[in-house]
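# turn this into a model:
(2 chains)
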Amino acid sequence: KAGVTQTPRYLIKTRGQQVTLSCSPISGHRSVSWYQQTPGQGLQFLFEYFSETQRNKGNFPGRFSGRQFSNSRSEMNVSTLELGDSALYLCASIETRRGITEAFFGQGTRLTVV
Amino acid sequence: SQKIEQNSEALNIQEGKTATLTCNYTNYSPAYLQWYRQDPGRGPVFLLLIRENEKEKRKERLKVTFDTTLKQSLFHITASQPADSATYLCALDRYNQGGKLIFGQGTELSVKP
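Numbering: from 1, shown residues only, chains lettered A, B, ... in the order given. Next up, the predicted model:
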């Protein structure tokens, strides 16, 4: 089956702008999680969407938001970009079996804020 | 909240040797622990999972141990090869937490020929 698709792969934005990233999960998966990865902080959980509803949320400011559509595709949005938002944003297509989370990651979107 | 620590320094070993990576956690005992491999510019790829009631798990040249008393997992790659060079991440959580995994910072492994 097809893997997780994230678009775009690379993005350069200016401080103060906003950005929208897209993720298409594995067919049949209803849950999508988003993570931010930076050299200093590692992989940090942003939020999770399941059946179009936010199910979990990490400790990020309200500038970070997301949504999920009826076809399970998800978008995340960052408004009023700051230099510190430069990171690799990873989307994971989630399957839960007997209480255990299995995460299948996309290639990520490399966001650079200048 | 849960905190995970992995080998902070990069690990450099010679081809053919065994690489051993460490994952220590504080706070609650996780229900399970996973190891992922990440290559530069790519997303993590799942390697192995070990449950709280398991001491050891093997898959080909990979072996994971889980010691809930020490609050530690060890990840071994035997007969290492240059192609094993990558960053290895551990992740853990309790059951039924949905898509929220807690990750360590990762350990960069470099295998020299």
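# chain A: strands as residue ranges?
Under the criterion DSSP state E, strands of chain A are mapped to A:5-7, A:10-13, A:19-24, A:31-38, A:42-50, A:53-57, A:64-68, A:74-78, A:87-97, A:100-105, A:109-113.
# mind putting those into a markdown table with mean neighbour count, distance to chain B and mean pLDDT?
In short, each C-beta sits where N, CA and C put it, glycine included. Putting those into a markdown table (neighbours: other C-beta atoms under 10 Å in any protein chain shown; distance: least, C-beta to the nearest C-beta, whole Å; pLDDT from 0 to 100) gives the following:
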| stretch | mean neighbour count | distance to chain B | mean pLDDT |
| --- | --- | --- | --- |
| strand A:5-7 | 16 | 8 | 97 |
| strand A:10-13 | 13 | 10 | 98 |
| strand A:19-24 | 19 | 11 | 98 |
| strand A:31-38 | 23 | 4 | 96 |
| strand A:42-50 | 22 | 4 | 94 |
| strand A:53-57 | 14 | 4 | 93 |
| strand A:64-68 | 19 | 11 | 97 |
| strand A:74-78 | 21 | 11 | 98 |
| strand A:87-97 | 22 | 4 | 93 |
| strand A:100-105 | 20 | 3 | 89 |
| strand A:109-113 | 18 | 7 | 97 |
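# B:Thr22 is nearest to which of the ones you listed?
For B:Thr22, the closest of the strands of chain A is strand A:42-50, at 15.3 Å, according to C-beta to C-beta.
# tell me who's in contact with residue 57.
All of this is about chain A. A:46-48 (C-beta atoms under 8 Å, 6 or more residues apart in numbering or on different chains).
# actually chain B
B:Lys57 sits next to B:48-50, B:63-64, B:66 when contact means C-beta under 8 Å, 6+ apart.
# which among those residues count as buried?
Among the contacts of B:Lys57, the ones that count as buried by 16 or more other C-beta atoms under 10 Å in any protein chain shown are B:48-50, B:63-64, B:66.
# out of those, which touch chain A?
Filtering those for proximity to chain A (criterion: C-beta under 8 Å from any C-beta of the partner chain) leaves B:Leu49.
# next to chain A, which bits of chain B? Give me the list.
Contact residues, chain B versus chain A (C-beta under 8 Å from any C-beta): B:31-32, B:41-46, B:49, B:51, B:89, B:91, B:93, B:95-106.
# repeat the analysis, applying 7 Å as the threshold.
By the rule C-beta under 7 Å from any C-beta of the partner chain, the part of chain B lying against chain A is B:32, B:42-44, B:46, B:49, B:89, B:93, B:95-101, B:103-106.
# in PyMOL, how would I select the buried members of the residues you listed?
Of these, the buried ones can be selected in PyMOL as follows, counting by 16+ other C-beta under 10 Å:
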select buried, chain B and resi 32+43+44+49+89+93+97+98+99+100+101+103+104+105+106
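# so which of the residues of chain B next to chain A belong to strands?
Those of the residues of chain B next to chain A lying in strands (DSSP E): B:32, B:46, B:49, B:89, B:93, B:103.
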